[in-house]
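Enquirer: Next comes the sequence, and after it the predicted model I'd like to discuss.
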Amino acid sequence: MSEYTFSDHELNDLREIFFTEAGEILQSLNLEILDLESGQDREASLKAIQRHFHTLKGNSRALGFTSLNNLAHKSEDLLRSIQDTAIDVDRSLIDLLLSIADNLQIFVDSCRSNSDAPSNERLIERIEGYLSAWRNSGNTENDASCRAENRSGASIYEIVFGLDAACDNKAFGLQAITERLLTIGEIIRVASNGDSGTGAANQVSISFSSSEPAELIRDLIAVTGIVKELEIKKQDAGKAAAAQRPGRDSALKQEALQTLRVDAQRVDKILNLIGEMMIGRSLIGQILSEIEERYHQDYSVKKLGEANAFMEKILSQLQKNVMKIRMLPISQVFRKFPRVVRDLSIEKGKQVELIMQGEKTELDKSILDVIGEPLIHLIRNAVDHGIEPPDERKRAGKAVTGTVSLNAYHEGNQIMIDVKDDGAGLEPQLLRKKAVEKGLRTRDEIERLSDEEAMDLIFVSGFSTADVVTDISGRGFGMDIVRTTVESLKGRIQVRSKPGEGTTFTLKLPLTLAIMRAMLFWAGNRLLAIPMSSIERITRVKDSDIQTVAGKHVLRFRDKVISLIFLNESLMADRRSAGQDQNKFVIVVGYSYKLYGFVVDTLVGQQELVIKALDDYWGTVNCTSGASILGNGQVVLILDAPAVIMKETQQEFVGT
């Protein structure tokens, strides 16, 4: 037997798998350390943390990441000493474990970028300090094998099998087998004899430690098309004790077996192809309608219609199922936040509890990848600005520990995310004062703002209530970027606050950006669409209902006066003659705390659109978020409502 050597291509693939898994492990590691600090289940948390260190150690050693392997190995020793002794889990130990997690992340990043990682000598010294204290406490009389014997008994298995010639990629086949084994035990050694011409393994030998029976191991790895001629031999129990690994429960094993890791780009390609198929099916449907008008009594035409309906149903189901593959739980973003709150509250001398709900709520990966940064800013803002210091909360009759709540839930075809704190809240008058001081608004403009509109000032670029500039806040840049990011996702953000009671930010986001339901309409000679998620209401008005105030067209709507935007003027299309008191349609959309009315010529109706990316169409301000193709081949432009409103208000501001 000789050690198996991967080809460069296989090694690159395995590196990507390692980095993906390492990212997941490090996120879970942070959460387990915080659970350990909370004292909920000391033993379970310690075992989970040690398992994460052990997995990183083994995986990094296999790929030759020596520095990462050394730190993970030393960290595992530390966890073993904590488990086997009565070392107190205090603040200093938690800080050490979090520092280890941070440094492991640095090492992973440096391995990914092939750059040199900073020295970790001081961190190793801190770890050695704890290990020395443990050794000097007289608890070293039992060596590793004795400790292993005290745990639930494990057995050492020698597993020998061949790799099936039908396996196209034997490296990935071997990786799949080892990943399955790691769900129930520990791999001690992997060796193989390979084909010198191809570098592919023909026969593999694995030394494996597990408390599970040989029958389960056989069922787990006897994968048709990968494994052949499988042989499992059990060694004596004494050799097994030295390699015991805490087992995972059966539910986790089953979940690991049922999970398939797929590159997101592959799913995106499939979704794009489905989008093209939907457009093609619409074209066929349009042609079929024309044929049915001519030959409506023909039996073959009738059967063709039935076949088209069947294909439409299957294609719709295919689209929905592929979309579900892209849907991921928001917990992947949420689990970063406990560490953020913990570190910042300590830095600011505050006591803050983070409550998270709706972690299983799913949304599209394209949105999930972007929404993390805005949420982190909102949470940091809540801890830094919202939650008061303990003495202030005590004087106000509040609990000393402040609360930041994060809640995700579905509402119709949108996902809602609430970021709420029970802090000091926003003072509208203070916001007005700051806006004038910073030259962002004139006194006349400020006096006309309602309290809701005044709170909306926090989203203006350059606005800040902080008197001192720090690395966290005070520069006036942040909340405006949060709004810009949310609106780039075709979503909205609103703020509600009561002085002394707290503040709530609500993000409204579409479930996906790939396919959306939209309202189609004509404005001038252009066919346009607006996402239904942006529409508050659609109403019909007459010319006589439209009034002019200070040169602006307005409409009274729900006891409010809303500004009107004639889209055929705003988008530089030819305006049709209005006639005498002619009926018009107004699409009411929300932007910030205001409502605006888009005046259009004719409504076409709602339709589900496959969105295609579109370059800037109208110049410096892009008023579209994409385009789609209808069944008759017509191109429809999808409006970006906030961009249209901003374009219109900017023109008013400069007097155009």
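Expert: Alright, I've got the coordinates. Everything numeric here is computed off the predicted structure, so don't read it as measured data.
Enquirer: and residue 91, how many neighbours does it have?
Expert: 10 (other CB atoms under 10 Å). Heads up, the C-betas are built off the backbone N, CA and C, glycines and all.
Enquirer: Look up how far residue 353 lies from it.
Expert: 17 Å (CB to CB, to the nearest Å).
Enquirer: Dump stretch 586-601 to PDB, keeping only the CA atoms.
Expert: Output in PDB follows, covering the C-alpha atoms of stretch 586-601 (Å, rounded to 0.1, in the frame of the first residue of the first chain):
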ATOM      1  CA  VAL A 586     -52.600  55.400 -10.600                       C
ATOM      2  CA  ILE A 587     -50.300  52.800  -9.200                       C
ATOM      3  CA  VAL A 588     -49.600  53.800  -5.600                       C
ATOM      4  CA  VAL A 589     -46.100  52.700  -4.400                       C
ATOM      5  CA  GLY A 590     -44.400  53.200  -1.000                       C
ATOM      6  CA  TYR A 591     -41.000  54.800  -0.600                       C
ATOM      7  CA  SER A 592     -39.700  55.400   2.800                       C
ATOM      8  CA  TYR A 593     -42.700  56.800   4.800                       C
ATOM      9  CA  LYS A 594     -44.200  58.500   1.700                       C
ATOM     10  CA  LEU A 595     -46.600  57.300  -0.900                       C
ATOM     11  CA  TYR A 596     -46.200  58.200  -4.600                       C
ATOM     12  CA  GLY A 597     -48.600  57.600  -7.500                       C
ATOM     13  CA  PHE A 598     -47.400  56.500 -10.900                       C
ATOM     14  CA  VAL A 599     -49.900  57.700 -13.500                       C
ATOM     15  CA  VAL A 600     -50.100  55.200 -16.400                       C
ATOM     16  CA  ASP A 601     -52.200  55.000 -19.500                       C
END
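Enquirer: got any ranges where the stretch 251-400 of the chain has weak pLDDT?
Expert: Within the stretch 251-400 of the chain, the segments meeting pLDDT under 70 span 251-261.
Enquirer: How confident was the prediction at residue 158?
Expert: At residue 158, the pLDDT value in this model is 90.
Enquirer: Strand partners (parallel or antiparallel) of whichever helix or strand it is part of?
Expert: For residue 158, the enclosing helix or strand under DSSP states H and E is strand 155-163. Partners of strand 155-163 in the sheet, by DSSP bridges, are strand 201-210 (antiparallel), strand 227-234 (antiparallel).
Enquirer: Just say which of these is most tucked in.
Expert: Highest mean neighbour count among those (mean count of other CB atoms under 10 Å): strand 201-210, with a mean of 20.
Enquirer: that older thread, dump the strands paired with strand 155-163 to CSV, plus distance to residue 15 and mean pLDDT.
Expert: Converted to CSV, those look like this (distance: least, CB to CB, whole Å; pLDDT from 0 to 100):
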stretch, distance to residue 15, mean pLDDT
strand 201-210, 18, 81
strand 227-234, 24, 88
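Enquirer: Quick one: closest of those strands to residue 497.
Expert: Ranking the strands paired with strand 155-163 by proximity to residue 497 (CB to CB) places strand 201-210 first, at 55.4 Å.
Enquirer: In CSV, list the C-alpha atoms belonging to that closest one.
Expert: Taking C-alpha atoms only, strand 201-210 is exported to CSV below (Å, rounded to 0.1, in the frame of the first residue of the first chain):
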residue,chain,number,x,y,z
ALA,A,201,-6.8,4.7,-6.5
ASN,A,202,-7.7,1.0,-7.2
GLN,A,203,-7.8,-0.3,-3.7
VAL,A,204,-8.2,1.6,-0.5
SER,A,205,-7.4,0.7,3.1
ILE,A,206,-8.9,2.7,6.0
SER,A,207,-8.2,2.4,9.7
PHE,A,208,-11.3,3.6,11.4
SER,A,209,-12.5,4.0,15.0
SER,A,210,-16.2,3.9,15.9
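Enquirer: Next secondary structure element downstream of that strand?
Expert: In N-to-C order, the element after strand 201-210 by DSSP H and E is helix 214-221.
Enquirer: quick one, that following helix and strand 201-210 angle?
Expert: Put simply, helix 214-221 runs at 130 degrees to strand 201-210, going by axes from the mean of the first three to the mean of the last three CA atoms, to 10 degrees.
Enquirer: From here on, call the first residue 55.
Expert: From this message on, residue numbering opens at 55, which makes the last subject helix 268-275.
Enquirer: Quick one: mean pLDDT for helix 268-275?
Expert: 84.
Enquirer: buried set for it?
Expert: For helix 268-275, a neighbour-count test (16 or more other CB atoms under 10 Å) marks 271-272, 274-275 as buried.
Enquirer: For it, name the packing helices and strands.
Expert: strand 209-217, helix 224-235, strand 281-288 (3 or more CB pairs under 8 Å, 6 or more residues apart in numbering; DSSP states H and E).
Enquirer: Mind exporting the C-alpha coordinates of it to PDB?
Expert: Only the C-alpha atoms of helix 268-275 are listed here, as PDB (Å, rounded to 0.1, in the frame of the first residue of the first chain):
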ATOM      1  CA  ALA A 268     -19.600  -3.400  11.500                       C
ATOM      2  CA  GLU A 269     -23.000  -4.000   9.900                       C
ATOM      3  CA  LEU A 270     -23.900  -0.300  10.100                       C
ATOM      4  CA  ILE A 271     -20.500   0.700   8.700                       C
ATOM      5  CA  ARG A 272     -21.000  -1.700   5.800                       C
ATOM      6  CA  ASP A 273     -24.500  -0.300   5.000                       C
ATOM      7  CA  LEU A 274     -23.100   3.200   5.200                       C
ATOM      8  CA  ILE A 275     -20.200   2.900   2.700                       C
END
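Enquirer: Give me the residues contacting that helix.
Expert: Contacts to helix 268-275, defined as CB atoms under 8 Å, 6 or more residues apart in numbering, come from residues 211, 213, 215, 231, 234-235, 237-238, 262, 264, 281, 284, 286, 288, 311.
Enquirer: Can you say which two of these are spatially most distant?
Expert: 288 and 311 (22.4 Å).
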